[in-house]
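Novice: Okay, predicted coordinates and the sequence, questions at the end:
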Amino acid sequence: MDGSKHHLPLTTVGPLNEQKILPVGDRINAVGLFFLKNGIAQIKSCNDLPYFLTKMTKDQMVIDLALRTKILFWSSILLGSASICILDLLL
């Protein structure tokens, strides 16, 4: 719990259904910073990545990040071009 920003104790509201949280036998991937603390392996989330616990495979995450990058790139070109056109009209 070192470095966690959650207040202790962590509580939940209402009854929880195990099937909705994580069904037994499901595989998940953890993405983050790996380190050993007192001989125990731990993974801490990384602020630079939009994933921490996911059912996506590595290839699916790479494809998703590439798609998000392309959308951000083309959106910035579109908004930049629109702002230049607006400034040109105003001057």
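Specialist: Arrived safely. Numbers count the residues shown, from 1 in each chain.
Novice: Report the rounded mean pLDDT for the longest helix along the chain.
Specialist: Criterion DSSP state H: the longest helix present in the chain is helix 58-90. In this model, helix 58-90 carries a mean pLDDT of 94.
Novice: what about that helix, distance to the chain center?
Specialist: Once both centres are worked out by C-alpha atoms, centre = their mean, to the nearest Å, helix 58-90 turns out to sit 19 Å from its chain's centre.
Novice: That one: which residues count as buried?
Specialist: Using 16 or more other C-beta atoms under 10 Å as the test for burial, helix 58-90 gives residue 61. Where you see a C-beta, it was placed from the backbone N, CA and C, and this is true even at glycine.
Novice: Could you give the number of residues near residue 25?
Specialist: Counted with other C-beta atoms under 10 Å, residues neighbouring residue 25 total 5.
Novice: what about it, helix or strand, and which?
Specialist: If you go by DSSP states H and E, residue 25 is not part of any helix or strand.
Novice: shift numbering so it begins at 24
Specialist: Yep, numbering from 24; the last one is residue 48 now.
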